[in-house]
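*Asks:* fold the following for me, if possible:
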Amino acid sequence: MEVRYTMKDFPEPGDKDLANGISYMNKSDFKNALKHFEKSATYNNEYGLLFFGIFLLLGFGLSKRDPAKALDTFKKVAHLFSNRVAHYLIGILYYEGDKDVPQNIQSAYHWILNAAKLGWIDAMSQMGFAYCSGAFGKEDKKKGVHWLEKVVHNDSRDTVLYLFGNKEFQIDMTHQDDIVLSSVKGVTAASIISPVQCAAQCFAANPFSSNGIIYRAIFWDTMTNRQNTSLATSQLILGTVYMEDDGISTDKKKKAIALLKKSGENGNAKACLTIGHLYEMGNGVDQDYSEAMAWYLKSKDIEGEVDALQSIGRLYFTGHGVKQDFMLALSYFNTYNLHAEDREVYYMMAEIYKIGKDYKQSFLFFSKAADLGHAASATRLGLFYRIGFGVEKSETKSFAWMQKAAALNCPMAQFTLGQMHYDGYKGKSDHVKALDYFEKSLKNGFAPAAFMVEQLKFQKSLRDLHI
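*Replies:* All right, here's what the predicted structure looks like:
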């Protein structure tokens, strides 16, 4: 990346050193660039100060980063020139905290709000997210929507990139590596990027390493004020907020879905995943498993969204929208398991192995799911011990697993415990406990329990009449 600086016809004090600093920066000679930016800053040159502060934040030309001195420099730019970039960087430094800069949420709110009012798009996105999530203390969805809608409906879509949103600083990306450009696009579409975190990661990775070059490019991208930097994330958050409205109208739901789709089309993997779920469940759209699969695959392809692997595997497991394929389902589940644990995934894997009569593997995955609190899996383990699938028969262990599942309100487990007490667990029949479990099972929706409840109540009435 190179910055083409257009000096004014009548240069201001410090402009010449600013131009020299940018020239050295373009050659990746950060030490000399820093010297010229610092000299420009001594003239209270607006962008000399801003570049100097940024170099302090990034640690360019230094043996270590100096966030505290960067903060003081940004405050000077903000007070002298009401510079929106400086306001934003101060706000993020306070919001996250950094070396020798204690976190201060109240100050962060003040500075980021100022940057948003001055038109810095990422600040608007931050305000929207913070209000919707309660990050500034009290959640306020109405204010959050106000700022997010400003981002979404902003029409500043320059095809040419300008650093700080200032046309004096045009960015030339023609010589930038495609891998770097792709990384920038993917990362900025996934979330609102913190320039402070990015600065720290760039320095830690070494600015001249392959990762450092990517972090450097991402950082400068956050300094462009182009809408695309936070558009996809703002569309995702706004669409989600609309969908979570309890009294959402049909028109507003359509608007929410349209926003989520745009976010997905703009490269946000979580938005693609959300749209996939809506199509799978038929929420706000006609149920369409094939469309759900298409969005899940898009989510996976964008940045390997882990939850998309689970969803794709689930559709192959059920055969919804695709030809049922247990081997493909297992492949996606196994890949998912490298990154996360999910009881539903373990349960589906166990069911696949059970269908294939590999009871030992089935028992293993039912155990994993049950350990994570999956009631149906605990019930399956109880049945395995009762029947002897993959393990030695054990009435005691079967009863113990059924109790765990019943405590999690599994109606099948409650029914089975009722049967065990009715038939005589450990040789002793207990109709009182049996009736209790059958009634719980019926209450939780297991219809076959109704017959046993009636039977036991009838038998009890006969006993009460001494018949």
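
*Asks:* let me see the ranges of the strands in the stretch 251-400 of the chain.
*Replies:* Using DSSP state E, counting those that start in this stretch, no strands are found in the stretch 251-400 of the chain.

*Asks:* thought T42 was touching L18?
*Replies:* No: applying Cβ atoms under 8 Å as the test, T42 and L18 come out as separate, 11.6 Å apart. No exception for glycine: its C-beta is placed from N, CA and C like everyone else's.

*Asks:* so how far is L330 from the closest residue to M348 other than its chain neighbours?
*Replies:* Nearest residue to M348 in three dimensions, chain neighbours excluded: F317, at 5.0 Å (Cβ to Cβ, 6 or more residues apart in numbering). Distance of F317 to L330, computed by Cβ to Cβ, to the nearest Å: 9 Å.

*Asks:* between those two, who's got more neighbours?
*Replies:* Per other Cβ atoms under 10 Å, whichever of F317 and L330 has more neighbours is F317, with 21 against 18.

*Asks:* show me what contacts that one?
*Replies:* By Cβ atoms under 8 Å, 6 or more residues apart in numbering, F317 lies in contact with 324, 326, 329, 348, 351-352.

*Asks:* now those: which count as buried?
*Replies:* Buried members of the contacts of F317, counted by 16 or more other Cβ atoms under 10 Å: 326, 329, 348, 351-352.

*Asks:* if we can go back for a sec, show the pLDDT at the residue nearest to M348.
*Replies:* For F317, the pLDDT comes out at 97.

*Asks:* begin at 42 from here
*Replies:* Taking 42 as the first residue, the last one we looked at is F358.

*Asks:* what about T83 and L59, which has more around it?
*Replies:* Under the criterion of other Cβ under 10 Å, the comparison of T83 against L59 puts L59 first, with 29 against 13.

*Asks:* contact partners for F210?
*Replies:* 44-47, 63, 88, 203-204.

*Asks:* give me that answer again for 7 Å
*Replies:* 44, 46, 203-204 (Cβ atoms under 7 Å, 6 or more residues apart in numbering).

*Asks:* closest to D218 among the residues you listed?
*Replies:* Of all the contacts of F210, D218 sits closest to V44, with 17.3 Å by Cβ to Cβ.

*Asks:* returning to that earlier point: what do F358 and L371 both touch?
*Replies:* I393.

*Asks:* what about the chain, any weak spots by pLDDT?
*Replies:* 196-200, 217, 221-222, 224-225, 227-231, 268-270, 288, 345, 507-508 (pLDDT under 70).

*Asks:* nearest residue to the middle of it?
*Replies:* For the chain, the residue sitting closest to the mean C-alpha position, by Cα atoms, centre = their mean, is K311 at 6.4 Å.

*Asks:* re earlier: now, which of the contacts of F358 sits nearest I428?
*Replies:* For the contacts of F358, the nearest to I428 is E392 (15.8 Å; Cβ to Cβ).

*Asks:* quick one: the closest one from N378, how far?
*Replies:* 15 Å.

*Asks:* what's the answer for L405, then?
*Replies:* 12 Å.

*Asks:* host element of F244?
*Replies:* helix 236-246 (DSSP states H and E).

*Asks:* which strands and helices sit next to the helix or strand following that helix?
*Replies:* Heading C-terminal from helix 236-246, the first helix or strand you meet, by DSSP H and E, is helix 251-263. Using 3 or more Cβ pairs under 7 Å, 6 or more residues apart in numbering; DSSP states H and E, the elements in contact with helix 251-263 are helix 219-231, helix 236-246.

*Asks:* against M334, how distant is T291?
*Replies:* 26 Å.

*Asks:* looking at these two, which is more packed in?
*Replies:* A direct count of neighbours by other Cβ under 10 Å for T291 and M334 places M334 higher, at 20 against 8.

*Asks:* got phi/psi on the nearest residue to that one once chain neighbours are set aside?
*Replies:* For M334, ignoring the flanking residues on the chain, the nearest one in space by Cβ to Cβ, 6+ apart is G362 at 4.8 Å. The phi and psi values for G362, taken as degrees, to the nearest 10, are phi 80, psi -10.

*Asks:* ok, G362 touching W336?
*Replies:* No: G362 is beyond contact range of W336, at 10.8 Å (criterion: Cβ atoms under 7 Å).

*Asks:* between those two, who's got more neighbours?
*Replies:* W336 (25 against 18).

*Asks:* tell me the contacts of the residue lying closest to that one once chain neighbours are set aside?
*Replies:* Leaving aside its sequence neighbours, W336 sits nearest to G317 (Cβ to Cβ, 6+ apart; 3.6 Å). By Cβ under 7 Å, 6+ apart, the contact set of G317 is 333, 336-337, 340, 352.

*Asks:* helices along the stretch 342-491 of the chain, start to end?
*Replies:* 347-359, 367-378, 384-396, 400-412, 416-428, 436-448, 452-464, 472-484, 490-505 (DSSP state H, counting those that start in this stretch).

*Asks:* out of the ones you listed, nearest to L159?
*Replies:* helix 347-359 (36.9 Å).

*Asks:* any chance you could give me that closest one in PDB, C-alpha atoms only?
*Replies:* Presented in PDB, the C-alpha positions along helix 347-359 are these (Å, rounded to 0.1, in the frame of the first residue of the first chain):
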ATOM      1  CA  VAL A 347     -17.300 -23.400  12.500                       C
ATOM      2  CA  ASP A 348     -21.000 -23.500  13.300                       C
ATOM      3  CA  ALA A 349     -21.700 -23.800   9.500                       C
ATOM      4  CA  LEU A 350     -19.900 -27.200   9.600                       C
ATOM      5  CA  GLN A 351     -22.400 -28.400  12.200                       C
ATOM      6  CA  SER A 352     -25.400 -27.100  10.200                       C
ATOM      7  CA  ILE A 353     -24.200 -28.700   7.000                       C
ATOM      8  CA  GLY A 354     -23.500 -32.000   8.800                       C
ATOM      9  CA  ARG A 355     -27.000 -31.900  10.300                       C
ATOM     10  CA  LEU A 356     -28.700 -31.600   6.900                       C
ATOM     11  CA  TYR A 357     -26.700 -34.500   5.600                       C
ATOM     12  CA  PHE A 358     -27.700 -36.400   8.700                       C
ATOM     13  CA  THR A 359     -31.400 -35.700   8.300                       C
END
